[in-house]
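In: Fold the following for me, if possible:
(one chain, ligands or ions: 2)
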Amino acid sequence: MGLITAQGKQPLFSFGVVSDVQYADIPDGRSFLGVPRYYRHSILVLERAVQRWNSLQHLSFAVNFGDIVDGFCPKDQSLDSVKKVASKFEEFNGSVYHMIGNHCLYNLSRETLLPLLKIPSNDGCAYYDFSPIPGYRLVVLDGYDISAIGWPEDHPKSMEAMRILKEKNPNSDKNSPVGLEDLERRFLMFNGGVGKEQLKWLDHALQNATDKKQKVIICCHLPLDPGASSSEALLWNYNEVMDIIHKYKCVKACFGGHEHKGGYSIDSHGVHHRVLEAALECPPYSDAFGYIDVYDDRISLVGTGRMKSTDMVFDS
Ligand SMILES: Nc1ccn([C@@H]2O[C@H](COP(=O)(O)O)[C@@H](O)[C@H]2O)c(=O)n1
Ligand SMILES: O=P(O)(O)OC[C@H](O)CO
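Out: Ligands and ions are numbered 1, 2, ... in the order given. Below you'll find the predicted structure:
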């Protein structure tokens, strides 16, 4: 007999989730705002996540929401550290889908990272989609498509990002939100945007999903809704992405990372937004990972430790 959950129904499929491992073999530290960060412990959180996912036996795949290694990782250790974390993920008895975050790009070029993490790529971009079952599609966005990190300085995408940052953020430290108001505080160098080609691709993917009567789950390192995240962590053009998503009824939930404390909201169109709590900020012996049970009419995140459980119900 298959798995039956608390709702008395068998999920259509289930998958593991973890975000912001930001491993580095360096002593504990703090974020700019003083929040403790446990760089060596975070890989143990991932290790326990993989053990738990394997023990459940009903997860078909896992999704890593980015920032696999921290920016403070000594640069001569970047490659080995990414390989070390990637091989922990490989201990999972199923496929693992990765996305890139700002800290990945502080460490390694897209050229090195994407093949290492087996991220399907087109011209160095890291967006892709897949259908675990015919009725559902996961769409993974590259939130650093337009970014001042990760592309060579003279790359058109890097130059466009610098133009946006100069226009929107007058501070000499482009990671500083000082003086920026409300939602404008997202125009920071450690964030990024989705470029025109990717927006077109997203529109096409959602049209195609609609035609096939598929429901869609969006995954992006950067959060897409101000209700689920501080302004400082949002995707630069979250509004353009959401305008496309809201053209269709197929998107039921958007998941993200980057905002380490996590968040949850339901937007004006009934789309659920869940930002996942970071593995990096778990004090020793505590955890932040989970798995998601997907049904026709709900998506249930079952969290462990600091990752809160969230039941997301929608019209099927
Ligand atoms: N409120 C803030 C937050 C960050 N910064 C700058 O960003 C850098 C990275 O921040 P972390 O939280 O990841 O440590 C930080 O070194 C600051 O330059 C800021 O100015 N104001
Ligand atoms: O993961 P970091 O160091 O880029 O920090 C991101 C911030 O938490 C966003 O507010």
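In: I'd like to know how many residues surround Asn169.
Out: If you count neighbours by other Cβ atoms under 10 Å, Asn169 ends up with 22. C-betas here are computed from N, CA, C, even on glycine.
In: which residues touch it?
Out: Ser176, Pro177, Leu180, Phe187, Leu188 (Cβ atoms under 8 Å, 6 or more residues apart in numbering).
In: which stretches of the protein form helices?
Out: With helices called from DSSP state H, the chain shows them at 42-56, 78-89, 102-107, 110-116, 156-168, 196-211, 238-247.
In: Ok, which of those helices comes nearest Tyr144?
Out: Tyr144 lies closest, by Cβ to Cβ, to one member of the helices of the chain: helix 102-107, at 6.1 Å.
In: Write out the residues of this structure neighbouring ligand 1.
Out: Ser31, Phe32, Leu33, Asp173, Asn175, Ser176, Pro177, Phe190 (Cβ under 6 Å from any ligand atom).
In: is stretch 216-226 up against ligand 2 anywhere?
Out: No. Using Cβ under 6 Å from any ligand atom, stretch 216-226 never reaches ligand 2; the gap is at least 9.0 Å.
In: Tell me how far that stretch lies from the chain's centre.
Out: From the chain centre to the centre of stretch 216-226 is a distance of 7 Å (Cα atoms, centre = their mean, to the nearest Å).
In: and if you look at stretch 181-197?
Out: That offset, for stretch 181-197, works out to 15 Å (Cα atoms, centre = their mean).
In: Put the alpha carbons of it into CSV.
Out: Taking C-alpha atoms only, stretch 181-197 is exported to CSV below (Å, rounded to 0.1, in the frame of the first residue of the first chain):
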residue,chain,number,x,y,z
GLU,A,181,12.6,53.5,0.5
ASP,A,182,10.3,50.5,0.9
LEU,A,183,10.3,48.1,-2.1
GLU,A,184,13.2,50.1,-3.7
ARG,A,185,15.5,48.6,-1.1
ARG,A,186,15.7,45.5,-3.3
PHE,A,187,18.1,47.2,-5.7
LEU,A,188,21.2,45.7,-4.1
MET,A,189,24.2,44.0,-5.7
PHE,A,190,23.5,40.7,-3.9
ASN,A,191,20.2,40.5,-5.7
GLY,A,192,19.5,40.2,-9.4
GLY,A,193,16.8,40.1,-12.1
VAL,A,194,15.2,37.9,-14.8
GLY,A,195,16.2,39.0,-18.3
LYS,A,196,13.9,39.5,-21.3
GLU,A,197,14.7,36.1,-22.9
